[in-house]
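Visitor: Here is my input; please provide its structure:
(one chain, ligands or ions: 1)
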Amino acid sequence: MYAHPCFINCMTKEKWGILQKQIPRRINVMPRISEPPEWREPEDVVVKALQYMRRGGKALDVGAGRGNNTICLAHNGFKVHATDKDPKQLKRLQERATKANRFLNQKISTEVRDVKQGIEGEFDTIMCNRVLHQMPRELALAFVADMKQHTSKGGLNIISAVMQSGDFWNAAQDRNRLNKMIFKDGFYAEVDELRILYNDWEILDYREELKAYPMGNPEDSLSAQKNKTALLIARKPLVSHLN
Ligand SMILES: C[S@@+](CC[C@H](N)C(=O)[O-])C[C@H]1O[C@@H](n2cnc3c(N)ncnc32)[C@H](O)[C@@H]1O
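Guide: Predicted coordinates:
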C-alpha cells in the first residue's frame, strides 16, 4: 500500500495502529503451492488470528489434515506441532510443506495422536479446525475444555466448527448417506454454542458463516459441500481463577 508522506505525518501512532488492523492480511500468508485455491487456502480465521499471536510462540494444530493451517503458521515464523489420528494425512502434510519450501519442515513437528488421548504440554496457540464434527459430542466438549486448560495464559484458541445447518448436517440426519466424512452423532455446534463455551475468555472474533468444504482429492472435480460454520478466536485471560 502507498501512503503519501504528508498523510503519514499527520497520523498519530494510535490512528496508524487502527488503520493497520483494517488492512486485510492475506498477502504472503502462504507459500506458493501448485494446487487449486480451494485446496491450498488456510482457514480465514487462522489468517485473522496471526495478528494476535505472540512472536516466537508455540502452536498446536489438532486434526491438522493436509496441513493448510499448519503450513500457514510455519510460513509466518511459528513453530507448529501438528497432530492427526490419520498418519497418511500427516505424511501428506510434510510432503506439501517440503514442496512449498524445503526449510518449512524445520518449523513443523508431527505426531499421530487421537483427540481421545488429550493434549500433552502447554501451547501459546491451540487450533482445531473442521474436526469436532468428526467425533461424538461429549468427546468434542471434553476436548474443548482440554484445549482451554493446555493454553498458556494470554494464549489463543482458534476453532472452526461445523454447525447444525447445511449439507453436512442434513446428510448426518440421513442414515443412508452416512460415510467416513459424515458423522451422525458428531459435534454440530448450535447457534452461539461455541461462543458460550468461551464466555470466561476474551472473544477476539466470533462469526457464523456458510463455508465451502472441498470433497475428495484436489485431482477430482467434485463439488464442495457447504455448511454453516462457527469461527472463533479467543484469548485466555492473563489472570484467571478458571482454567
Ligand atoms: C476435515 S479435516 C480438517 C483438516 C484441517 N484441520 C483443515 O482445517 O484443513 C479433519 C481432520 O481431522 C482428523 N480427525 C478426525 N477425528 C480425529 C480424532 N479423533 N483425533 C485426531 N484427528 C482426528 C481427520 O483425520 C482429518 O485429517
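Visitor: how about the residues of this protein near the ligand?
Guide: Applying C-beta under 6 Å from any ligand atom, one finds that the chain approaches the ligand through 43, 63-65, 68-69, 84-86, 89, 114-115, 129-131, 134-135. For the C-beta atoms, the positions are set from N, CA and C on the backbone; glycine is no exception.
Visitor: Residue 169 and residue 225 touch, don't they?
Guide: No: using C-beta atoms under 8 Å, residue 169 is not in contact with residue 225; the gap is 10.1 Å.
Visitor: Tell me where the chain has strands.
Guide: With DSSP state E as the criterion, the chain has strands at 58-62, 79-84, 108-112, 123-129, 151-166, 202-213, 225-235.
Visitor: Could you give me the buried positions within the third one?
Guide: By that I understand strand 108-112. Buried positions in strand 108-112, judged by neighbour count with 16 or more other C-beta atoms under 10 Å: 108, 110.
Visitor: With the first one instead?
Guide: With burial defined by 16+ other C-beta under 10 Å, the residues of strand 58-62 counted as buried are 58, 59, 60, 61, 62.
Visitor: Out of those residues, which comes closest to residue 76?
Guide: Nearest to residue 76 among these, counting by C-beta to C-beta, is residue 59 at 10.0 Å.
Visitor: Show me what the closest one bridges to in the sheet.
Guide: According to DSSP bridges, the partner residues bridging residue 59 are residue 80, residue 125.
Visitor: how close does it get to residue 114?
Guide: Residue 59 sits 19 Å away from residue 114, taking C-beta to C-beta, to the nearest Å as the criterion.
Visitor: for residue 148, same thing?
Guide: 19 Å.
Visitor: Just the closest residue of the chain to the ligand, please.
Guide: residue 65 (2.6 Å; C-beta to the nearest ligand atom).
Visitor: returning to what we had before: with neighbour numbers in mind, choose between residue 148 and residue 114.
Guide: Neighbours per residue, other C-beta atoms under 10 Å: of residue 148 and residue 114, the larger number sits with residue 148, 19 against 13.
Visitor: thought the more buried one was touching residue 236?
Guide: Yes: under the criterion of C-beta under 8 Å, residue 148 makes contact with residue 236 at 7.0 Å.
Visitor: ok, back up a step: tell me the buried residues within the residues of the chain next to the ligand.
Guide: Buried members of the residues of the chain next to the ligand, scored by 16+ other C-beta under 10 Å, are 43, 63-65, 68-69, 84-85, 89, 115, 129-131, 134-135.
Visitor: mind checking pLDDT for the most centrally placed residue in the chain?
Guide: Centroid-nearest residue in the chain, with C-alpha atoms, centre = their mean: residue 129, separated by 4.2 Å. On the pLDDT scale, residue 129 is placed at 98.
Visitor: Surely it and residue 157 touch.
Guide: No: taking C-beta under 8 Å as the definition, residue 129 is not a contact partner of residue 157, at 11.0 Å.
Visitor: Just list the residues touching residue 239, thanks.
Guide: By C-beta atoms under 8 Å, 6 or more residues apart in numbering, the residues touching residue 239 are residue 153.
Visitor: my guess is residue 161 contacts residue 189, does it?
Guide: Yes: look at residue 161 against residue 189 with C-beta under 8 Å: they come within range, at 4.4 Å.
Visitor: joint contacts of these two?
Guide: Residues touching both residue 161 and residue 189 (C-beta under 8 Å, 6+ apart) are 132, 230.
Visitor: Next up, phi/psi of the closest residue to residue 119 other than its chain neighbours, please.
Guide: Excluding its sequence neighbours, the residue lying closest to residue 119 (C-beta to C-beta, 6 or more residues apart in numbering) is residue 150, at 4.2 Å. Main-chain torsions, residue 150, degrees, to the nearest 10: phi -90, psi 20.
Visitor: what's the answer for residue 42, then?
Guide: Note on residue 42: backbone dihedrals following degrees, to the nearest 10 are phi -70, psi 160.
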